[in-house]
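> Okay, here's the prediction I keep looking at, along with the sequence it came from:
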Amino acid sequence: MQVDAEASECLRQLQWPSRWHPAIKQLHRLGFNNCKDLIVDRIGSDSVACGPKYWARVAAEDLVGRQAADDLAQLLAAHEGRHLDEGALLVASVHHPLADLSWVRSALDALGAELRRRLAEAGVAGGVPALEILSALLFGATPPVSHTGFAAIPPPAGYGMGLQGNRESYYDPANSLLSEVLVNREGIPISLAVIHAAVAARAGLEVRVLNVPMHVVTHYGAQDSDEERFIDVFDQGRIMTREGMGGLLSDLGMLGFDRRHLQPMAPAKVYARMCFNLASIYSALGSNSDMEALKLQKSIMRLLVAEDHSDTFNSRLELAKACAALYQYDEALELLQCITNEVVGGGPAPQGSPSNARNLLEAHIGRLRGAIEEQSRDEARVKRRKGSSTGVRYEVGQIIRHRRYEYRGVIIGWDPTCAASEDWMVQMGVDRLERGRHQPFYNVLVDPQDRGGQQTYVAEENIGLEALPRRQRYPGFEVHPEVGRYFERLRADGTGYVPNEYMRERYPDD
């Protein structure tokens, strides 16, 4: 009960940006497993209001990301005898913080057992015939839809899993997560290679993952032996001799077979490749202010830091940038100061002189300190409407419909007149509005079903109020995924949301 009370208070403190870092660190000290029941109850119930649900979800994502990084560091410190899928599952866990992914390991165990059964049935102990049976199991045709074992893992005798490369949606993050790959039967080379090697290991076959420029393959057999084979897991498990591998390398722009282009990947390299793929995807999405992508990018960068790879400096720097993009400035500053201290002490630095690294870090630190000061001023800034001449008609929390573009949204802030830059006002044609720039403007979170979940800045003349339909009037309903950051709960009449404590301090008259 004491832990629940302390965890509840920490979750409450998260809504103030300046209190985020100490609150999340205290939750981490309490331990996610000790807080898990409280967090799961808040996330899983429709009767829980959107505010408590939101902060429970945010805490779960952050705490699971920290725990996954700790677990990955421990795994890499003693990986001997461990299956390759264990680290890959930690990558998946940060995407599904409350899911039980133990079924993935059970599925791989079952596929390993089925491979052993098929090998025994064929009287095969190893060699190329064993590799062919493995490929048939993982990449062979699935049963027809009418078959009772259509989606079974392992597939029925005579059938395969039907795994294949996802060429149409290559950059879908699901292609990197073992749980999704096993369900969708599609992936990218690195995730398919992990499954290929993991199932083989469970049947006593040594399959290695090889890094190829712009690609990943697996490898079986002793080097230069008659049984040496390369497997293109992205091409339905195509088994290749050295000549075939040379052809693939030529297709990728190289001059035929050359072992310099076929580098064995240690587990840390495999996990780093998976994380770098995801980080690049989330970086592109996060540049469009996709908050969910930014949160995932932060968790992935934390995993990369845990791997202690050759580019740890930049990974830690990118982790700090992800924190800053989420307005978690204190955590970003702590990370940068730690990196700076290590560089000064002779720790890892990027290519170039340590002084260049220090200058780079000091520039980032200076910007962060400025952001922290602005954040503090913003928290202390109170916007009053009573007894003033602001003329602001609408309130934070009200649900609106844009009169011109017809999207739905919720007001999360306002200014008595347009506070945007002159360039923005010129670009958006603000002075061509009937009331121009000298009217209230409102910060609006846009319903993703109408316009991709963006945030807009709307003139008062373009705003009309709208109540939610009755089917959406339950406490946990969210017009936008970030609505719980600002509001406690939905009003019973569906006209808007009740501001949380932080917002009530800033907009006391709304």
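Looks like it came in fine.

> Identify all contacting residues around stretch 163-183.
The contact list for stretch 163-183, computed with CB atoms under 8 Å, 6 or more residues apart in numbering, reads 85, 88-89, 91-92, 95-96, 99, 101, 103-104, 107, 138-139, 153, 161, 184-192, 194-195, 233-237, 274, 277-278, 281-282, 296. To be clear about C-beta, it is placed using only N, CA and C from the backbone, and glycine gets the same treatment.

> Now a ChimeraX select for only the buried ones of those residues.
Of the contacts of stretch 163-183, the buried ones go into a single ChimeraX selection, burial set by 16 or more other CB atoms under 10 Å:
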select :85,88,89,91,92,95,101,104,107,138,139,153,161,184,185,186,187,188,189,190,191,192,194,195,233,234,235,236,237,274,277,278,281,282,296
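
> What about the contacts of stretch 163-183, which are in helices?
85, 88-89, 91-92, 103-104, 107, 138-139, 184, 189-192, 194-195, 274, 277-278, 281-282, 296 (DSSP state H).

> Can you show me the strands along the stretch 351-500 of the chain?
Secondary structure of the stretch 351-500 of the chain (DSSP state E, counting those that start in this stretch): strands located at 399-402, 408-415, 441-446, 455-459, 463-465, 487-490, 497-499.

> Now render these as a markdown table, adding distance to K53 and mean neighbour count.
Formatted as a markdown table, those follow (distance: least, CB to CB, whole Å; neighbours: other CB atoms under 10 Å):
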| stretch | distance to K53 | mean neighbour count |
| --- | --- | --- |
| strand 399-402 | 18 | 20 |
| strand 408-415 | 16 | 22 |
| strand 441-446 | 16 | 24 |
| strand 455-459 | 20 | 18 |
| strand 463-465 | 25 | 15 |
| strand 487-490 | 9 | 24 |
| strand 497-499 | 13 | 22 |
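
> Reformat those strands as TSV; add mean pLDDT.
Below are the strands of the stretch 351-500 of the chain laid out as TSV (pLDDT from 0 to 100):
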stretch	mean pLDDT
strand 399-402	96
strand 408-415	96
strand 441-446	96
strand 455-459	95
strand 463-465	96
strand 487-490	94
strand 497-499	96
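
> which stretches of the stretch 251-400 of the chain have low pLDDT?
Confidence mapping of the stretch 251-400 of the chain against pLDDT under 70 gives the ranges 286-289, 308-311, 344-354, 387-388, 390.

> The same query, at a cut-off of 80, please.
284-290, 307-312, 342-355, 357, 386-390 (pLDDT under 80).

> Now do the helices in the stretch 1-150 of the chain.
All helices of the stretch 1-150 of the chain, identified by DSSP state H, counting those that start in this stretch, fall at 2-13, 20-30, 32-44, 50-77, 85-93, 102-122, 127-139.

> same for the fifth one, what does it pack against?
Put plainly, it is helix 85-93. When contacts are defined as 3 or more CB pairs under 8 Å, 6 or more residues apart in numbering; DSSP states H and E, helix 85-93 sits against helix 50-77, helix 102-122, helix 178-184, helix 189-202, helix 267-286, helix 291-307.

> Likewise for the fourth one?
Contacts defined by 3+ CB pairs under 8 Å, 6+ apart place helix 50-77 against helix 2-13, helix 20-30, helix 32-44, helix 85-93, helix 267-286, helix 291-307, strand 487-490.

> Could you pull out the helices in the stretch 401-510 of the chain for me?
Ranges of helices in the stretch 401-510 of the chain, per DSSP H, counting those that start in this stretch, are 422-428, 448-451, 501-506.
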